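> Return atomic coordinates for the entry below.
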Amino acid sequence: MNLFDQLRTAVLAALDTMEADGVLPPGLDRAAVTVEPPRDPAHGDMATNAAMVLAKPAGLPPRTIAEALAARMAADPRIASADVAGPGFLNLRLAPSVWQSHVSDILHAGAGYGRSSSGKGRSVNVEFVSANPTGPMHVGHVRGAVVGDALSNLLAFAGWRVTREYYINDGGAQVDVLARSAYERYREANGLSPEIREGLYPGDYLIPVGEALKAKYGDSLLNRPEGDWLADVREFATEMMMAMIRDDLAALGVSMDVYSSEKALYGTGKIEAALAQLREQGLIYEGVLTPPKGKTPEDWEPREQTLFRSTAHGDDVDRPVMKSDGGWTYFAPDIAYHYDKVQRGFDELIDIFGADHGGYVKRMKAAVSALSGGRVPLDIKLIQLVKLWKNGEPFKMSKRAGTFVTLRDVVEMAGADVTRFIMLTRKNDVALDFDFAKVLEQSKDNPVFYVQYANARVHSVLRKAAEAGVDVSDQALMDADYTKLSHPAELALIAKLAEWPRLVDIAARSNEPHRVAFYLYELASDFHGFWNRGNDEPSLRFVHDDSATTQAKIALARCTGVVIRSGLAILGVTPVEEMR
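Modelled structure (predicted):
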């Protein structure tokens, strides 16, 4: 189904014959041989670097190899021409019949077109969002949630077994602050004035928590020492915050398979077990860290601590896991949590972190490398900031949250589909501007509208053909005469559709779902351009007096819709069939 893979196989077969004929020495490593779109479409449909990467080990000029390879490729009936370019690149043009038959391939595959087996059924854990359960999620969490969910969809489409996981940071001091803040709202629910002193969470979102506490406890917690109520209020407030977080994620179209609790790691021996594994490898020792240059990190102490020799696995410095007073550092439970994921048997781990966690990347990778014996790779994606705008002005803060714009604010103003698509219009490590006015306008500058409009146009032409009495059922379109798709613009659109399986493989291998959004915008642009050309060239219009011609051209539109729908499904965006 992947034309680029099929042509690479043909190139490798041609190289086999060149070895058999003595043109190439035997045993050359061909792993770096690629077949991909040329940088300039005017040069051909596909290009291979085979001569360039084999020249040095073969001891031959690249053009000598390229010319011999071109002669053999030209004998393939699928190849219309094979031309050597520059120092030794080989540009290939495919016969129109290859593109025409690919329309049938797409229609037969349907929603499965582009699906890959590159994951080979391996298991991957994607941990994302993992916001502290101390309040509603903010706009930064929106982007992390969308990237994590779209990446999970992409990996599943590429043949991975995916587990979506949320790590509840409920074991630190911040949940005690939550409990104290909720207690003040509990006092308020009982008719007293809340004392929201500095350091507590001031947002109005805790008012319902206080009211719920009153409903459960009445006034029995009033005028009691903190030690009597802190644990109960902490657990109660955390559960309510997590219920709110689940609801917010659902509004964005995100659901998790697993929720793991940091608190469950304490007092259970799990942290000790993880560190014991590292100690057995000689990676835990007592020592004093060299004073850091520049800003002093919070876990540095000028005294002896228990340290993880993370430099043995690629980190810049060793990291403390226990403070001099015997308490765990923040890093210790994170090690235990990732050890738990390793023990659950995942073949790969992916963490989606906020950009402020950049300092955690090397140490976390070092820990997973040590705990898995190098078997389990960990990929960490850092999510850069989202800047909110409205009518050219920075968007104001949320009163409900007290200090920030919430996820629910964004979804309610822009809609889940628009929000998700826009969050993927930049690579995760690049800052993103989200302008509420621009993301809702109906223009080419709004990528989600442009892609949705292309899908709506596909359905519009299907309806128009059906109203004209043309059978546009999938079976009829699969039986169409595709030789009627011979115009260069039609073949170019098919070629763009043929890039989809390759794009899926590349995006899944690099864990980059934004590539799907980019591709969909390019495909939509090509389709709109093709549509507009039909205004001047009647032969490019989809509906004709001849039903056989109409069916072939409708089949091309239908293929475009198939790919757009699949891409939008990966992004978690509902396709629109009619624009209003």
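> Near L206, how many other residues are there?
28 (other CB atoms under 10 Å). C-betas here are computed from N, CA, C, even on glycine.
> Which helix or strand contains the nearest residue to it once chain neighbours are set aside?
Distances taken as CB to CB, 6 or more residues apart in numbering place R185 nearest to L206, at 4.5 Å, with adjacent residues excluded. Assigned by DSSP states H and E, R185 falls within helix 173-189.
> give the contact list for the residue nearest to L206.
R185 makes contacts with 194, 206-207, 209-211, 213, as judged by CB atoms under 8 Å, 6 or more residues apart in numbering.
> now the strands for the stretch 151-300 of the chain?
161-168, 258-261, 284-287 (DSSP state E, counting those that start in this stretch).
> how about TSV for those strands, with mean pLDDT added?
What follows is the strands of the stretch 151-300 of the chain, written out as TSV (pLDDT from 0 to 100):
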stretch	mean pLDDT
strand 161-168	98
strand 258-261	98
strand 284-287	96
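> Tell me which of the ones you listed is the most buried.
Of all the strands of the stretch 151-300 of the chain, strand 161-168 has the most neighbours on average by mean count of other CB atoms under 10 Å, namely a mean of 20.
> helices and strands around that strand, which ones?
If contacts are counted by 3 or more CB pairs under 8 Å, 6 or more residues apart in numbering; DSSP states H and E, strand 161-168 sits against strand 123-127, helix 139-157, strand 258-261.
> Parallel or antiparallel, which strands does it pair with?
Neighbouring strands of strand 161-168 in its sheet, by DSSP bridges, are strand 123-127 (parallel), strand 258-261 (parallel).
> Which one, of the ones you listed, ends up nearest to A454?
A454 lies closest, by CB to CB, to one member of the strands paired with strand 161-168: strand 123-127, at 29.1 Å.
> Can you name the residues in contact with that closest one?
Strand 123-127 is touched from outside by 148, 151-152, 155, 160-167, 341, 344-352, with contacts defined as CB under 8 Å, 6+ apart.
> First-to-last residue distance for stretch 542-553?
End-to-end span of stretch 542-553 (CA to CA, to the nearest Å): 5 Å.
> what's the answer for stretch 103-121, then?
This stretch, stretch 103-121, spans 28 Å end to end (CA to CA).
> how about it: buried residues?
The neighbour-count check on stretch 103-121 (16 or more other CB atoms under 10 Å) flags 103-104, 106-107, 109, 113-116, 118-119 as buried.
> Looking at those residues, spot the one nearest A332.
Set against A332, the nearest of the buried residues of stretch 103-121 by CB to CB is G119 (32.3 Å).
> Grab the nearest non-local neighbour of A370.
A370 sits nearest to H313 (CB to CB, 6+ apart), 5.2 Å away.
> Likewise for A179?
R234 (3.8 Å).
> sorry, back to before: please tell me the pLDDT value assigned to the residue nearest to A370.
In this model, H313 is scored at 98, pLDDT.
> Test my guess that it contacts R363.
No: assessed by CB atoms under 8 Å, H313 is found out of contact with R363, at 9.2 Å.
> Mind checking which of those two has more residues around it?
The residue with more neighbours, out of H313 and R363, is R363; 22 against 19, by other CB under 10 Å.
> give me every residue that touches S193.
S193 sits next to R187 when contact means CB under 8 Å, 6+ apart.
> Dihedrals phi and psi, it?
The phi/psi pair for S193 (degrees, to the nearest 10) reads phi -80, psi 130.
> what does M322 give?
Torsion angles, degrees, to the nearest 10, at M322: phi -140, psi 140.
> residues in contact with I383?
Contacts of I383 by CB under 8 Å, 6+ apart are 140, 143-144, 147, 352-355, 428-429.
> Setting aside sequence neighbours, what's the nearest residue to it?
That would be G144: by CB to CB, 6+ apart, it lies 4.6 Å from I383.
> so the one you found touches I350, yeah?
No: applying CB under 8 Å as the test, G144 and I350 come out as separate, 12.0 Å apart.
> and L230, how many residues sit next to it?
16.
> Then S473?
Neighbours around S473, by other CB under 10 Å: 10.
> Which helix or strand contains the closest residue to S81 other than its chain neighbours?
For S81, ignoring the flanking residues on the chain, the nearest one in space by CB to CB, 6+ apart is R93 at 4.5 Å. Using DSSP H and E, R93 falls within strand 89-94.
> now for that strand, which elements pack on it?
helix 3-20, strand 46-48, helix 50-58, helix 62-73, strand 79-85.
> so how far is the shortest one off the chain centroid?
To tie it back to what came earlier, the one meant is strand 46-48. When C-alpha coordinates are averaged (CA atoms, centre = their mean, to the nearest Å), strand 46-48 and its chain have centres 28 Å apart.
> what's F436 in contact with, if anything?
With CB under 8 Å, 6+ apart, F436 has these contacts: 388-390, 395, 413-414.
> How many residues are close by V472?
Residues near V472, counting by other CB under 10 Å: 20.
> From D435, how far off is it?
Using CB to CB, to the nearest Å, V472 is found at 39 Å from D435.
> can you pull the contacts of the spatially most central residue of the chain?
When CA atoms, centre = their mean is applied to the chain, the residue found nearest the centroid is L151 (2.9 Å). If a contact means CB under 8 Å, 6+ apart, then L151 has 126, 128, 350, 352, 381, 511, 513 as its contacts.
> now Q442
Counting by CB under 8 Å, 6+ apart, Q442 makes contact with 449, 453, 579.
> Apply 7 Å and report the result again.
Residues counted as contacts of Q442 (CB atoms under 7 Å, 6 or more residues apart in numbering) are F449.
> for the one 10 residues further on, same thing?
Q452 sits next to 575-576 when contact means CB under 7 Å, 6+ apart.
> Just after the host helix or strand of it, pick out the following helix or strand.
If you go by DSSP H and E, Q452 is part of helix 447-467. Going down the chain from helix 447-467, the next helix or strand is helix 474-478, by DSSP H and E.
> Return the list of helices and strands in contact with that following helix.
Judged by 3 or more CB pairs under 7 Å, 6 or more residues apart in numbering; DSSP states H and E, helix 474-478 is in contact with helix 96-109, helix 547-571.
> so I350 makes contact with E512?
No: assessed by CB atoms under 7 Å, I350 is found out of contact with E512, at 11.4 Å.
> more neighbours, those two?
Neighbour comparison, I350 and E512: the larger count goes to I350, with 22 against 19 (by other CB under 10 Å).
> Quickly find the element holding that one.
Using DSSP H and E, I350 falls within strand 348-354.
> Now the residue sitting furthest away from the middle of the chain, what are its backbone angles?
What lies farthest from the middle of the chain is N223; by CA atoms, centre = their mean that is 49.8 Å. Main-chain torsions, N223, degrees, to the nearest 10: phi 60, psi 30.
> so how far is D76 from it?
N223 is 87 Å from D76, by CB to CB.
> Check the secondary structure at V33 for me.
Following DSSP: H, G, I helix; E, B strand; the rest coil, V33 is assigned to coil.
> Can you report how many residues neighbour it?
By the criterion of other CB under 10 Å, V33 has 18 neighbours.
> and it, what does it touch?
Neighbouring residues of V33 by CB under 7 Å, 6+ apart: 8, 11-12, 48-50, 53.
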